[in-house]
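[1] the sequence and its predicted three-dimensional model are supplied below.
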Amino acid sequence: MSAPSPASRLRPLLPSPVQRAEDERFARHGVTLLLKRDDLIHPDLPGNKWRKLAPNLAAAAGRPVLTFGGAYSNHLRATAAAGRLLGFRTIGVVRGDELAHRPLNPSLARCAADGMRLHFVDRATYRAKADPAVLAGLLEAYGDCEVVPEGGSNALAARGCAALGRELRGVADVAAVACGTGGTL
């Protein structure tokens, strides 16, 4: 039997509930609209953020997590919250070095309040974030870290999001998913 993942200590609401949305425009055509309430999985790591981060946190095994995002990134916020709740360091590489000396917006302020170290980079460097030399420089600066890509989208995240499909099996004929980086898709 495998050990529980670190994220399971946060007691997620899984499977997330399915809620019927009443709308006469759909009913008139015999369509039932159901909402999968992944926003209720966890108050600090809602929705696809939970699904994508949980397997990445298991892979990190308590090591610091270094990840990427823009100034209003929900992924950075969720990663910072996970670090606070589970007791590991987080580093957020933020697109836009022009933001480094300005007051933090509410999203980045929340990240900082949750203990995330914010590392601002210029936009050219950010675009090259997967370049081995860029990653090596970040790891040299921050030490041994689990690197999680922008939005948390990687193979581990895809496996975490696959649970969504399993939870909907037999419940819905068609599913529509909102996604930014494509990891949930």
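    All right, it came through fine.
[2] wait, what's in contact with residue 105?
    71, 72 (Cβ atoms under 8 Å, 6 or more residues apart in numbering). All C-beta spots, glycine's among them, are computed from the backbone N, C-alpha and C.
[3] can you check what pLDDT the model gives it?
    According to the prediction, residue 105 has pLDDT 97.
[4] quick one, strands of the chain?
    18-21, 33-36, 65-69, 90-95, 117-121, 146-148 (DSSP state E).
[5] list the buried residues of the fifth one.
    Spelled out, that is strand 117-121. Under the neighbour-count criterion of 16 or more other Cβ atoms under 10 Å, strand 117-121 has 117, 118, 119, 120, 121 buried.
[6] most packed of the strands of the chain?
    strand 65-69 (a mean of 25; mean count of other Cβ atoms under 10 Å).
[7] same for it, what does it pack against?
    Applying 3 or more Cβ pairs under 8 Å, 6 or more residues apart in numbering; DSSP states H and E, one finds that strand 65-69 contacts helix 74-86, strand 90-95, helix 132-142, strand 146-148.
[8] got the contact list for the closest residue to residue 100 other than its chain neighbours?
    Leaving aside its sequence neighbours, residue 100 sits nearest to residue 120 (Cβ to Cβ, 6 or more residues apart in numbering; 3.9 Å). Applying Cβ under 8 Å, 6+ apart, we find residue 120 in contact with 94, 96, 97, 99, 100.
[9] who wins for neighbours among these?
    When neighbours are counted by other Cβ atoms under 10 Å, residue 94 leads those with 23 neighbours.
[10] need the per-residue pLDDT for that residue.
    Reading off the model, residue 94 has pLDDT 98.
[11] find the nearest non-adjacent residue to it, please.
    residue 120 (4.9 Å).
[12] likewise residue 145?
    residue 66 (4.0 Å).
[13] low-confidence ranges in the chain?
    Residues of the chain meeting the criterion pLDDT under 70: 1-4, 179-185.
[14] how far away is the most centrally placed residue in it from residue 152?
    Geometric centre of the chain, nearest residue: residue 49, 3.2 Å, by Cα atoms, centre = their mean. Residue 49 is 7 Å from residue 152, where distance means Cβ to Cβ, to the nearest Å.
[15] go on, residue 124?
    Note on residue 124: its distance to residue 152, by Cβ to Cβ, is 23 Å.
[16] these two: which has the busier surroundings?
    The neighbour count for residue 124 versus residue 152, taken as other Cβ under 10 Å, is higher for residue 152 (33 against 8).
[17] so the more buried one makes contact with residue 82?
    No. Contact criterion Cβ atoms under 8 Å: residue 152 and residue 82 do not qualify, at 10.3 Å.
[18] verify the stated contact: residue 95 with residue 124.
    No. Counting by Cβ under 8 Å, residue 124 is not a contact partner of residue 95; they are 10.3 Å apart.
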